[in-house]
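Engineer: please find the sequence and the predicted model below.
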Amino acid sequence: MQRRGLMLVLSSPSGAGKTTISRRLLDEEPELDMSVSVTTRPQRKGEVEGVDYFFVDRQRFDAMASQGELLEHATVFENSYGTPTGPVEAALAAGRDVLFDVDWQGAQQMRTRRRADIVSVFILPPSTAELERRLRTRGRDPDDVIAKRMDKAANEISHYAEYDYVVINDEVDRCLAEVRAILHAERVKTERLPGLADFVGRLTEVYQAS
């Protein structure tokens, strides 16, 4: 049956496990693609252009934003990130779902522009102590950056009510199962099945003929 794809938006404070959940979802859901953002952030070692991000300079990024080529965009820690519109539109029309790893600002912009297509999930840590422990365990950021991320987390968490669903990531497998259940349920909503009326019509014809 013909199906329109959906936009699965995941948000969380840094360290809550959003990246892990996203990677597991992509591994286990063959109809789900990751949206690749553009960013002004410098490319890190091991990152691949067009896979992790599209890396652009500030002039190009600002031009894309002003010309309406981005579904959402935001500035985080002096670097800007945005979602190109074209690839998302093509995927949805082809019946594929697109996963977005964005903050609450990006989710809000996308919801304003494309509310019918969006399913938004906010991932919470089980506690602030656990969130800080996870940030330190990564071993990627110095103490001053971790302090900034913890301060920012309180503001991010305050936006939980703006999301369709909230999941607490106290255990990765359980959290993943809940997000997958949300995805599967949203896929079969009647408004996402433009071919449903024709399908039901054919069923009705068969019933009447019998």
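Structural biologist: Structure's in. What do you need? Remember, it's a predicted structure, so these values are computed and weren't measured experimentally.
Engineer: can you pull up the most central residue in this protein?
Structural biologist: In the chain, the centroid-proximal residue (CA atoms, centre = their mean) is residue 100; its distance is 2.2 Å.
Engineer: what sits against that one?
Structural biologist: If you count contacts by CB atoms under 8 Å, 6 or more residues apart in numbering, residue 100 has them with 7-10, 35, 83, 106-107, 110. C-betas here are computed from N, CA, C, even on glycine.
Engineer: try 10 Å this time
Structural biologist: 7-11, 22, 34-35, 37, 71-72, 83, 88, 106-107, 110, 118, 120 (CB atoms under 10 Å, 6 or more residues apart in numbering).
Engineer: partner strands of the host helix or strand of it, parallel or antiparallel?
Structural biologist: Counting by DSSP states H and E, the element that carries residue 100 is strand 97-101. Listed by DSSP bridges, the sheet partners of strand 97-101 and their directions read strand 7-11 (parallel), strand 32-34 (parallel).
Engineer: need the CA coordinates for it. CSV is fine.
Structural biologist: Below are the C-alpha coordinates for strand 97-101, written out as CSV (Å, rounded to 0.1, in the frame of the first residue of the first chain):
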residue,chain,number,x,y,z
ASP,A,97,11.1,7.9,6.8
VAL,A,98,13.8,10.4,7.7
LEU,A,99,15.5,10.6,11.1
PHE,A,100,16.5,14.0,12.5
ASP,A,101,19.0,14.5,15.3
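Engineer: okay, now residue 9: neighbour count?
Structural biologist: A count of neighbours around residue 9, defined by other CB atoms under 10 Å, yields 27.
Engineer: ditto for residue 126
Structural biologist: Using other CB under 10 Å as the criterion, residue 126 is surrounded by 12 other residues.
Engineer: much appreciated, bye for now.
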